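A.B. asks: got a predicted structure here, sequence first:
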Amino acid sequence: MDDEGNQEMDVSEDPDDCYRFQTDMVPLLVTINKVNQKHIIDATIKEEACSLACVIMSVMPKTGKITSIVKKGSGSLDPDSTTDMIQCGKRVADLLHTKLRNILLEIEKSGDNVEKVGFLA
């Protein structure tokens, strides 16, 4: 920290100077939009335009613990609808965590044979 209380961070320019990020302790964000009586997970911009309310929630892997919930939009949500959206979000987050974990394990097993993309490729 500097004298003003701001956090300083040094970033190496070497793309190999890194460590593996532990994803088991990182919550996954899921957005649940409500359109009529249906739920849309991670809606597109056009789908969001049809929705008057959505819930954004973060869910921890393994435990399924919800670490935050934010309601967004001008529409109201009744308690039953909110509960349904939260349960739906937890199920989706669990599935996404499992898929993400499997993909990361595949990448780890393949080692240097992974196609590198992005500005560090």
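C.D. replies: Cool, the structure landed.

A.B. asks: how far away is residue 57 from residue 76?
C.D. replies: Relative to residue 76, residue 57 is positioned 18 Å away (C-beta to C-beta, to the nearest Å). C-betas here are computed from N, CA, C, even on glycine.

A.B. asks: sorry, wrong one. I was asking about residue 13.
C.D. replies: Using C-beta to C-beta, we find residue 13 at a distance of 50 Å from residue 76.

A.B. asks: what do you get for residue 45?
C.D. replies: Per C-beta to C-beta, residue 45 is found 22 Å from residue 76.

A.B. asks: if you count surrounding residues, which of those two has more?
C.D. replies: Neighbour tally, residue 45 and residue 76, criterion other C-beta atoms under 10 Å: the higher count belongs to residue 76, 10 against 6.

A.B. asks: what bridges to the residue nearest to that one when sequence neighbours are not counted?
C.D. replies: Using C-beta to C-beta, 6 or more residues apart in numbering and skipping residues adjacent in sequence, the residue nearest residue 76 is residue 53, 6.8 Å away. Judged by DSSP bridges, the bridge partners of residue 53 are residue 34.

A.B. asks: dump the residue contacts of residue 53.
C.D. replies: Residue 53 is in contact with 33, 34, 71, 72, 73, 74, 75, 76, 77, counting by C-beta atoms under 8 Å, 6 or more residues apart in numbering.

A.B. asks: top helix in this protein by residue count?
C.D. replies: Assignment by DSSP state H gives helix 79-110 as the longest helix of the chain.

A.B. asks: roughly how far does the closest residue to residue 52 other than its chain neighbours sit from residue 55?
C.D. replies: Sequence neighbours aside, residue 75 is the residue nearest to residue 52 in space, at 2.8 Å (criterion: C-beta to C-beta, 6+ apart). To residue 55, residue 75 is 11 Å away according to C-beta to C-beta.
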